[in-house]
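A.B. asks: The following comprises the amino acid sequence and a computationally predicted model.
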Amino acid sequence: MSDKPSVKLVLLGTGTPNAEPDRAGAAAAIVVDDAAYLVDLGPGVVRQAHAAAQQGIPALKPKNLRRAFLTHLHTDHTAGYADLIFTPWVLGRVDPLQVWGPPGTKTMTEHLLAAYQADIHERLYGLEPANARGFQVDVSEIEPGVIYTDDAVRVTAFLARHGSWTAYSYKFVTAAGTIVISGDTAPYPGIADHYRGCDILVHEVYSRRKFALRAQKWQAYHAAVHTSATELADIAGQAQPKLLVLTHQLLWGQTPAGLVSEITADYGGAVVFGRDLDVFDLPVG
């Protein structure tokens, strides 16, 4: 690892399955110098990456998007997968895309490639210039532990709790600090141990105050597979990240400031309501 790399967390999309026009689907990027590592591929991921590139982060130009990590295979985290396979290829990516994810990632990838065979054929053998490798995908289905290392980053995966899915959270360790991205998860014993002492914790959350307004069947679902503001305050109190960034926020009528206050009522650390295209630098502060 270099002595003083430039390390940025970029929130490409903070949305949920709700079709909110001001929030793209779940996606984030860790950018270390000129290398980008995507986490989740919600709707709009490539256009959001391009928007970040236009705001001064060239590593997120579409042709530079070569590595991605999937937390789980819910549609709001994967509906942009085909976009990531094909759009950067059309725009000049020459290397195969590398993807790490849970069981099922290979099958999903094979089906996406099959669904777009006519497009691939036309681009390879029609009049449009296209290279023969940029649409290919190298998939690794992972287990808990260190799943990726290079000169810039070490990535560790650990199991999240999200219904019947095999779901993961990811820890990115760089020379400038550590970023953890929860993905979708409910609390579980020992969750704070995975987060403890990180510089930035990016975590999903729902409003505990507005939870009571939900129908009973939805209350049962959210309580089982997501994390309330009250629960997150307790987790953050144990883990003590330097900065807690909220994403995948289920508000149900709560305001962003109100959601933050639900957490800071019981937690004294720094908390930010994440918004699309927010950028956070390491080291924090």
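C.D. replies: Alright, I've got the coordinates.
A.B. asks: Below-threshold pLDDT in the stretch 1-150 of the chain: ranges please.
C.D. replies: 1-2 (pLDDT under 70).
A.B. asks: Quick check: phi and psi at Thr14.
C.D. replies: When read as degrees, to the nearest 10, the backbone of Thr14 gives phi -110, psi 10.
A.B. asks: residues near the closest residue to Gln48 other than its chain neighbours, how many?
C.D. replies: Leaving aside its sequence neighbours, Gln48 sits nearest to Leu12 (C-beta to C-beta, 6 or more residues apart in numbering; 4.0 Å). Every C-beta, even on glycine, is put in place using the N, C-alpha and C of the backbone. Residues near Leu12, counting by other C-beta atoms under 10 Å, number 29.
A.B. asks: Run through the residues that contact Leu12.
C.D. replies: The contact partners of Leu12, taken as C-beta atoms under 8 Å, 6 or more residues apart in numbering, are 24, 27-29, 38, 42, 44-45, 48-49, 52, 276-277.
A.B. asks: same question, Phe158
C.D. replies: Phe158 neighbours (C-beta under 8 Å, 6+ apart): Pro144, Tyr168, Ser169, Lys171, His194.
A.B. asks: Also Pro43?
C.D. replies: Gly13, Gly15, Ala24, Gly25, Asp76, Ala79, Gly80.
A.B. asks: Dump these into a markdown table; add secondary structure, distance to Tyr206 and neighbour count as well.
C.D. replies: As requested, the contacts of Pro43 are exported to a markdown table (DSSP: H, G, I helix; E, B strand; the rest coil; distance: C-beta to C-beta, whole Å; neighbours: other C-beta atoms under 10 Å):
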| residue | secondary structure | distance to Tyr206 | neighbour count |
| --- | --- | --- | --- |
| Gly13 | strand | 17 | 28 |
| Gly15 | coil | 14 | 22 |
| Ala24 | coil | 19 | 22 |
| Gly25 | coil | 17 | 27 |
| Asp76 | helix | 14 | 21 |
| Ala79 | coil | 21 | 17 |
| Gly80 | coil | 23 | 29 |
